[in-house]
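K.L.:
Starting from these lines, generate the structure:
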Amino acid sequence: MSARLRQKAREIALAAVRRMDPRESVLRALQERRFSGEVVLLALGKAAWTMAEAALSALGTRISRGLVVTKYGHSRGPLGNLDIIEAGHPLPDANSLEAGKRGLALVENLSSEDTVLLLVSGGGSALFEMPLEGIALKDMEDLTAQLLGVGANIREINSLRKRLSQVKGGRLGERAFPARVLSLLLSDVVGDAPDAIASGPGVPDATTCEEAREVLFRYGISLFPEAEKALLRETPKELPRAEWELLGGVSLLCREAARECRRRGFVPWILTTSLDCEAREAGAFFASLARTVRQGRGSFSPPCALIGGGETVVHLRGAGKGGRNQELALAGAFGLEGIPGAVLLSVGSDGTDGPTDAAGGIVDGETLSRIRKSGGNPEQFLEENDAYCALERAGDLLVTGPTGTNVNDLVLLLLE
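P.N.:
Predicted structure coming up:
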């Protein structure tokens, strides 16, 4: 029964992710729009290739030139007259700088009749970068690594990164003036705030210098002198020639998962689309729900599916290998131990989870037993943030490869 239930969970999750294909969303967004002058395309993020391919299909030769910036391994080949750069994620690298340099050059010297078609998806913050003068890429890498290590959320991280950058927080849109900037956004952030998606290169910024300073104080992080000066320079709060449209996000992902659950005979319940907590706490919570259902208490009765969406965080304690979805799944396995007919899955919709080849994990009541039989210690793996190795031993890694979309994470608990 466990193998059959695991397969159902995998099918439900992957079907929901497929429904988030940004290609159709971009085609719909562009089919009614009319453009005068030159159209230059700049696509940023893990879904950049797919979005750019859709824009080429919709507009063809109306796009005079462009640049596609995506994560290593996420390009699917040449795209007409568009240049393609693959760069680092979650930390920027030299290619991220090259992308930023070429992106800034792309939007320079345009007229008021021209349009910058900015296709933005999650991951763009690291993939596309150009620090302010006097700030080195290593400085930004170190700051991002510190913030990730203490569990800062994406808004907190971006409030600082925006102020050290020439392209984030609306500054790319500012540089494109007087051209029109049309941002089509695929959200991977809780709440779908447009200025948080890839740090909002083409939309007005809602974060403030004061907010950035508060983040530093909250986590006890010190900045070098040039960065301290940058925090005194505010980001654009108005971009009169910029507009944006949200194409998709985690709420729709959860609704599609619920639809797939219902088709397979499970009563779906969407618990949250704003999951924003420690990964191992989320895993333990979903496992506690499984115990509650099996004990006949609470509001849910099997067969049911409990669904969550959002983005958890990991506070690094060890030097292991993994990602937030893998850690959530491993943590949940402790609470599921010995519970029959229950499967917990956590997956990144982009097909990647942390610096690994896995998209997440899928665990059940026998996961810990399989890890121990392989000679591993589940508690030690979790303490060392080594969820990848633990789940690999159990055969519980979820590997999909790049999906072409990126709308946050999906958590699914199935109970027969």
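K.L.:
Give me the buried positions along the helix or strand hosting residue 217.
P.N.:
Per DSSP states H and E: residue 217 is located in helix 209-219. Buried positions in helix 209-219, judged by neighbour count with 16 or more other C-beta atoms under 10 Å: 209, 212, 213, 215, 216. Bear in mind the C-beta positions are built from the backbone N, C-alpha and C, glycine included.
K.L.:
From those residues, pick the one nearest residue 161.
P.N.:
Residue 161 has its nearest neighbour among the buried residues of helix 209-219 in residue 212, at 9.2 Å by C-beta to C-beta.
K.L.:
Tell me if I'm right that that closest one and residue 157 touch.
P.N.:
No - between residue 212 and residue 157 there is no contact under C-beta atoms under 8 Å: 10.2 Å.
K.L.:
And residue 215, how far from residue 92?
P.N.:
Separation of residue 215 from residue 92 (C-beta to C-beta, to the nearest Å) stands at 19 Å.
K.L.:
do the same with residue 279
P.N.:
Here residue 279 is placed at a distance of 23 Å from residue 92 (C-beta to C-beta).
K.L.:
all strands for the stretch 301-416 of the chain, in order.
P.N.:
For the stretch 301-416 of the chain, the strands defined by DSSP state E, counting those that start in this stretch cover 304-310, 342-348, 360-364, 397-398, 409-415.
K.L.:
Can you name the residues that contact residue 10?
P.N.:
Applying C-beta atoms under 8 Å, 6 or more residues apart in numbering to residue 10 gives the contacts 345, 362, 398.
K.L.:
Leaving out sequence neighbours, find the closest residue to the second one.
P.N.:
So the one you mean is residue 362. What sits nearest to residue 362 in space, not counting adjacent residues and going by C-beta to C-beta, 6 or more residues apart in numbering, is residue 345, at 4.4 Å.
K.L.:
can you give me how far the helix holding residue 217 is from the chain middle?
P.N.:
23 Å (C-alpha atoms, centre = their mean, to the nearest Å).
K.L.:
try stretch 131-149
P.N.:
Mean-position distance between stretch 131-149 and its chain equals 20 Å (C-alpha atoms, centre = their mean).
K.L.:
mean confidence score for it?
P.N.:
Summarised as a single mean, pLDDT over stretch 131-149 is 86.
K.L.:
C-alpha coordinates for it, CSV please?
P.N.:
Extracted in CSV, the C-alpha atoms of stretch 131-149 (Å, rounded to 0.1, in the frame of the first residue of the first chain):
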residue,chain,number,x,y,z
PRO,A,131,27.0,45.7,-7.6
LEU,A,132,27.2,49.4,-7.0
GLU,A,133,30.6,50.9,-7.6
GLY,A,134,33.0,50.1,-4.7
ILE,A,135,31.2,46.9,-3.8
ALA,A,136,32.6,43.5,-4.9
LEU,A,137,30.7,40.4,-5.8
LYS,A,138,32.4,38.5,-3.0
ASP,A,139,31.0,41.1,-0.5
MET,A,140,27.5,40.4,-1.8
GLU,A,141,28.1,36.6,-1.7
ASP,A,142,29.2,36.8,1.9
LEU,A,143,26.2,38.9,2.9
THR,A,144,23.8,36.5,1.2
ALA,A,145,25.4,33.5,2.7
GLN,A,146,25.3,35.0,6.2
LEU,A,147,21.6,35.8,5.8
LEU,A,148,20.7,32.4,4.4
GLY,A,149,22.7,30.8,7.3
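K.L.:
If you count neighbours, what's buried in that stretch?
P.N.:
For stretch 131-149, by 16+ other C-beta under 10 Å, it's 131, 132, 135, 137, 139, 140, 141, 143, 144, 146, 147, 148.
K.L.:
now stretch 25-35
P.N.:
By 16+ other C-beta under 10 Å, the buried positions in stretch 25-35 come out as 25, 26, 29, 30, 35.
K.L.:
follow-up on the earlier one: show me what the helix holding residue 217 is packed against.
P.N.:
With contacts taken as 3 or more C-beta pairs under 8 Å, 6 or more residues apart in numbering; DSSP states H and E, helix 209-219 sits against helix 137-149, helix 154-161.
K.L.:
and the angle from it to helix 137-149?
P.N.:
60 degrees (axes from the mean of the first three to the mean of the last three C-alpha atoms, to 10 degrees).
K.L.:
averaged over its residues, what pLDDT does helix 209-219 have?
P.N.:
The average pLDDT for helix 209-219 rounds to 93.
K.L.:
what's residue 329 in contact with, if anything?
P.N.:
Taking C-beta under 8 Å, 6+ apart, we find residue 329 in contact with 283, 344, 345, 346, 360, 361, 362, 363, 387, 391, 396.
K.L.:
Give me the spatial nearest neighbour of the fifth one, chain neighbours excluded.
P.N.:
Think residue 360. Spatial nearest neighbour of residue 360, excluding adjacent residues (C-beta to C-beta, 6+ apart): residue 325 at 3.3 Å.
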